[in-house]
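Undergrad: A structural model of the following input is requested.
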Amino acid sequence: MTATVAVRFYAPAPALAHYISSYYDSEIDAGDGLPVRDMLHPEWANIRITLSGEIRAAVGGKPLAGVPGAVITGPTSRATAFETDRATSFGIGLLPLGWAVLIGGDASKFADRLTDLVEAIGEAAADELTRAVRAAGDSAARIAAADALFTARLATISHDDALIARAHAALTDPEVTSVVALAERIGIPVHRLERLSRHAFGFAPKLLLRRQRFVRTLAVLMLDHTQKWTPNLDPAYYDQAHFHRDFQRFMGMAPSAYMALPHPVLDAAAPARQAYAGAPMQTLHKLAEKDS
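TA: This is a model prediction of the structure:
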């Protein structure tokens, strides 16, 4: 039996669209072969609830270790390596507003970390979400359960979306390439942007802009492995050496070494996410306009 990988994406309830990028089901089975392995690019935060099997993972080159059954990965600026023999899981992609409102607290404290969900939202809330998802009989029921819990949580929290939403929109605009331009687009001074960026987005604004130009380039290759790096470099790069330095920083290896590896999960997820949201990566997810 050969390995099989399936990833399916689903939209959250409309009221949650600015907070949750997607729900997603993952089914991985190594069959009779070696464990299925892959290396994920930097992302915004995600919650993953294991439904069956075990997943081993690590961020930033650390040794692989079994992850909690309900795990939250904070915003990442380094690759996440993982492997499994077989596992099914339900994921919840959290946009920066989702972190600020549905999770709360300083995102930088969870950045580049895999953490038990209890640490982020408390035992009662983590147990309620995990139980509801695992008790559901199929994808539709899992989505309905998650929608209900997050919609109820949203209704109890006082929040102002405008500033973080403007920052998110600016970060996903390839025309914004400097910290000064980012601050001007949002309409706040640079010193305030530094605080906002770390608290809501997990990293300093300079690193976030660097990460965005990197994933814009990587996204092209994730959708079509026959493409070459040089003609697809983001305009914010000076030259190929500039891109190579970023690749080493974010993925921990050279581009050629990364592309030589098999990517069974990303090869399933990137086109599925592109079809679902028009972007193959969560970090490129744009906020929809709110109804007036």
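Undergrad: Domain-wise, how is the protein divided?
TA: Taking automatic domain parsing as the criterion, the chain consists of the domains 4-158, 162-277.
Undergrad: Show the average pLDDT along the last one.
TA: Averaged across domain 162-277, the pLDDT comes to 94.
Undergrad: now do the first one
TA: Averaging the model's pLDDT scores along domain 4-158 yields 96.
Undergrad: Start and end of that domain, how far apart?
TA: Across domain 4-158, the terminal residues are separated by 44 Å (Cα to Cα, to the nearest Å).
Undergrad: again with the last one
TA: Looking at domain 162-277, the gap from its leading to its trailing residue is 22 Å under the measure Cα to Cα.
Undergrad: Show me the strands in the chain, by range?
TA: Counting by DSSP state E, the segments of the chain that form strands are 4-10, 20-29, 36-40, 45-53, 56-59, 65-66, 70-73, 80-84, 86-94, 114-116.
Undergrad: Buried by neighbour count: which residues of the last one qualify?
TA: Right, strand 114-116. Buried residues in strand 114-116, defined by neighbour count with 16 or more other Cβ atoms under 10 Å: Leu114. All C-beta atoms are positioned from the backbone trio N, CA, C, and that covers glycine.
Undergrad: what's around Ala125, how many residues?
TA: Number of residues near Ala125 (other Cβ atoms under 10 Å) recorded here: 16.
Undergrad: List the contacts of it.
TA: With contact taken as Cβ atoms under 8 Å, 6 or more residues apart in numbering, Ala125 is in contact with Arg153.
Undergrad: could you measure it against Thr73, distance?
TA: Distance from Ala125 to Thr73, counting by Cβ to Cβ, to the nearest Å: 17 Å.
Undergrad: follow-up on the earlier one: could the domains of the chain go into a markdown table alongside distance to Leu284?
TA: What follows is those, written out as a markdown table (distance: least, Cβ to Cβ, whole Å):
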| stretch | distance to Leu284 |
| --- | --- |
| domain 4-158 | 10 |
| domain 162-277 | 6 |
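Undergrad: who wins for proximity to Ala288 among those domains?
TA: Ala288 lies closest to domain 4-158 among those, at 5.5 Å (Cβ to Cβ).
Undergrad: Just give me how far the closest one sits from the chain centre.
TA: 9 Å (Cα atoms, centre = their mean, to the nearest Å).
Undergrad: Check which helices and strands the longest helix along the chain is in contact with.
TA: As assigned by DSSP state H, the longest helix anywhere in the chain is helix 205-223. Judged by 3 or more Cβ pairs under 8 Å, 6 or more residues apart in numbering; DSSP states H and E, helix 205-223 is in contact with helix 162-171, helix 179-186, helix 240-251, helix 264-277.
Undergrad: ok, 10 Å please
TA: Under the contact criterion of 3 or more Cβ pairs under 10 Å, 6 or more residues apart in numbering; DSSP states H and E, the helices and strands touching helix 205-223 comprise helix 162-171, helix 179-186, helix 190-196, helix 240-251, helix 255-260, helix 264-277.
Undergrad: Please export the C-alpha coordinates of that helix as CSV.
TA: In CSV, the C-alpha atoms belonging to helix 205-223 read as follows (Å, rounded to 0.1, in the frame of the first residue of the first chain):
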residue,chain,number,x,y,z
PRO,A,205,7.4,44.5,11.4
LYS,A,206,10.7,44.2,9.6
LEU,A,207,10.7,40.5,10.0
LEU,A,208,7.1,40.2,9.0
LEU,A,209,7.8,42.2,5.7
ARG,A,210,10.8,40.0,5.1
ARG,A,211,8.6,36.9,5.6
GLN,A,212,5.9,38.1,3.3
ARG,A,213,8.3,38.7,0.3
PHE,A,214,9.7,35.2,1.0
VAL,A,215,6.4,33.4,0.9
ARG,A,216,5.2,35.3,-2.1
THR,A,217,8.2,33.8,-4.0
LEU,A,218,7.9,30.3,-2.5
ALA,A,219,4.2,30.2,-3.3
VAL,A,220,4.9,30.2,-7.0
LEU,A,221,7.1,27.1,-6.7
MET,A,222,4.6,25.3,-4.4
LEU,A,223,2.0,25.5,-7.1
